[in-house]
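[1] sequence unknown, structure follows:
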């Protein structure tokens, strides 16, 4: 009986460890309300680092429309997804069909699968049994030129993307 307690009980305790939960969203990361149009994209994957590798925490095909110059939270996952508690400074998104839309104008910016990483200023804590929202700021003023609508010369899409806790 002592052997069972010494070997099995620790496994049961480890197996009962709680998870953290995050709802992932996206915005332009700006603090002013603008009427500059929207960036539309299909988000297909969200990954978070575990050591030296990224692990998928959400996969789907969610079309999101991000108003340029607006900091509103637009949910990608539409629910909380379980993640391992810890501290995270990066999240990686895979997107497709990135478009700029204004009124009746639609300009295709990226037509293939595209992966980018959003980085936080400092590590963001994810506590066990606690729900929170992470928001990816696409920072369009860094990489997007509105006239004419295109990715700025010398830049890549979503360059400088940020990661924050949404309050």
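    Sure thing, it's come through. Note that the structure is predicted; figures quoted are calculated from it, not measured. Numbering: from 1, shown residues only.
[2] those strands in this structure, which residues are they?
    Using DSSP state E, the strands of the chain run over 20-27, 38-50, 53-67, 74-75, 81-83, 86-102, 105-110, 114-126, 131-137, 144-146, 149-151, 162-165.
[3] can you list these in a markdown table and add mean neighbour count and mean pLDDT?
    C-beta coordinates here come from the backbone N, C-alpha and C atoms, glycine included. Converted to a markdown table, those look like this (neighbours: other CB atoms under 10 Å; pLDDT from 0 to 100):
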| stretch | mean neighbour count | mean pLDDT |
| --- | --- | --- |
| strand 20-27 | 22 | 96 |
| strand 38-50 | 19 | 96 |
| strand 53-67 | 14 | 96 |
| strand 74-75 | 16 | 96 |
| strand 81-83 | 16 | 95 |
| strand 86-102 | 18 | 97 |
| strand 105-110 | 13 | 96 |
| strand 114-126 | 15 | 97 |
| strand 131-137 | 20 | 96 |
| strand 144-146 | 17 | 93 |
| strand 149-151 | 16 | 96 |
| strand 162-165 | 16 | 96 |
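[4] what's the closest non-adjacent residue to residue 164?
    Nearest residue to residue 164 in three dimensions, chain neighbours excluded: residue 135, at 5.4 Å (CB to CB, 6 or more residues apart in numbering).
[5] how close does the one you found sit to residue 165?
    Per CB to CB, to the nearest Å, residue 135 is found 8 Å from residue 165.
[6] so residue 60 touches residue 42, yeah?
    No. In this structure residue 60 lies outside contact range of residue 42 using CB atoms under 8 Å: 9.2 Å.
[7] grab the nearest non-local neighbour of the one residue sitting closest to the centre of the chain.
    By CA atoms, centre = their mean, the mean C-alpha position of the chain lies nearest to residue 136, the distance being 4.7 Å. In this structure, residue 136 finds its nearest non-sequential neighbour in residue 118, 4.3 Å apart by CB to CB, 6+ apart.
[8] wait, isn't the one you found in contact with residue 89?
    No. Residue 118 lies out of contact with residue 89 (CB under 8 Å); the separation is 9.7 Å.
[9] need the residues touching each of the two.
    Common neighbours of residue 118 and residue 89 (criterion: CB atoms under 8 Å, 6 or more residues apart in numbering): residue 163.
[10] give the contact list for residue 102.
    Going by CB under 8 Å, 6+ apart, residue 102 touches 36-38, 149.
[11] roughly how far does it sit from residue 43?
    Distance from residue 102 to residue 43, by CB to CB: 21 Å.
[12] much appreciated, bye for now.
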